[in-house]
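Novice: Just need the structure, nothing else, for what follows:
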Amino acid sequence: MTRLSVNINKIATLRNSRGGLTPSVTEAAINCQKFGAQGITVHPRPDERHIRLQDVYAIKPHITTEFNIEGYPDDRFLKLVTDVRADQATLVPDGPGQLTSDHGWDTIKHKVFLKDVIQQLQSYGIRTSVFVDANLKMVEGACETGTNRIELYTEPYARDYATNPEKAIAPFAEAAKLAQKLGLQINAGHDLNLRNLKYLTDMIPVIEEVSIGHALIADALYMGLRSAIQEYLECIKP
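Specialist: Numbering: from 1, shown residues only. This is a model prediction of the structure:
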């Protein structure tokens, strides 16, 4: 069964826009788990425009499910992830000022770098996931880094889903098939929502985990956090 990890970055964005501690990202993490989420995701960026380093340390003692920390694997990120002993580290190729993730790793060009980082993280017992496009060569390259999982960057799927679902899903299904053959587990994320999520997980039932933040938090503004999480869980039921 596919698991839902809720990215709570947008809660921190709202808090930071006003200053102070409201809304509390720690309380958000606690409630997401209470309402059924099977994991919590954060993506602390160098400018701390949403989740801050101190948030990650504060949240960790309250995680009863899975703690997934995303980010570019520089020294700052690696110290944070190993300090709190994240359950999973999702490695993304974002630059310091990037607004949001918009491409996967070139796992061939950066194979040696990724391999060294992954070995370091795994020595602490941390599962690794490499953010990749639905490109077979990049999936093969990811396998050669020694990672446990890949996370398929699903923005192209989300963009094309409305006009041609079959065409939109095809490269992702092929990438997932190859990843499974190579012994990699599969996560997915970016621009997934209540309209396109069910089709994705129905067509690729081997997806272990979806990480969803922006759309779910936006839906929660209208229907409440508990109801939003339940709606997303309903989408990924087998």
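Novice: hey, C-alpha coordinates of stretch 20-39 in CSV?
Specialist: Output of stretch 20-39 as CSV, limited to C-alpha atoms (Å, rounded to 0.1, in the frame of the first residue of the first chain):
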residue,chain,number,x,y,z
GLY,A,20,6.0,34.6,16.0
LEU,A,21,5.1,30.9,16.5
THR,A,22,1.6,30.7,15.0
PRO,A,23,0.8,28.4,13.3
SER,A,24,3.0,25.9,15.1
VAL,A,25,4.8,23.5,12.7
THR,A,26,5.3,21.0,15.6
GLU,A,27,1.6,21.0,16.3
ALA,A,28,1.0,20.6,12.6
ALA,A,29,3.2,17.5,12.5
ILE,A,30,1.5,16.0,15.5
ASN,A,31,-1.9,16.6,14.0
CYS,A,32,-1.0,15.2,10.6
GLN,A,33,0.0,12.0,12.2
LYS,A,34,-3.0,11.9,14.5
PHE,A,35,-5.2,12.4,11.4
GLY,A,36,-3.7,9.4,9.6
ALA,A,37,-0.6,10.6,7.8
GLN,A,38,2.1,7.9,7.7
GLY,A,39,5.0,10.3,7.5
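Novice: Next SSE downstream of the helix ranked longest in the chain?
Specialist: For the chain, the helix with the greatest residue count under DSSP state H is helix 165-181. Sequence order places strand 185-189 as the next helix or strand after helix 165-181, per DSSP states H and E.
Novice: by contact count, what packs against that following strand?
Specialist: strand 149-153, helix 165-181, strand 207-212 (3 or more Cβ pairs under 8 Å, 6 or more residues apart in numbering; DSSP states H and E). Yep, even glycine has a C-beta here, placed from its N, CA and C like the rest.
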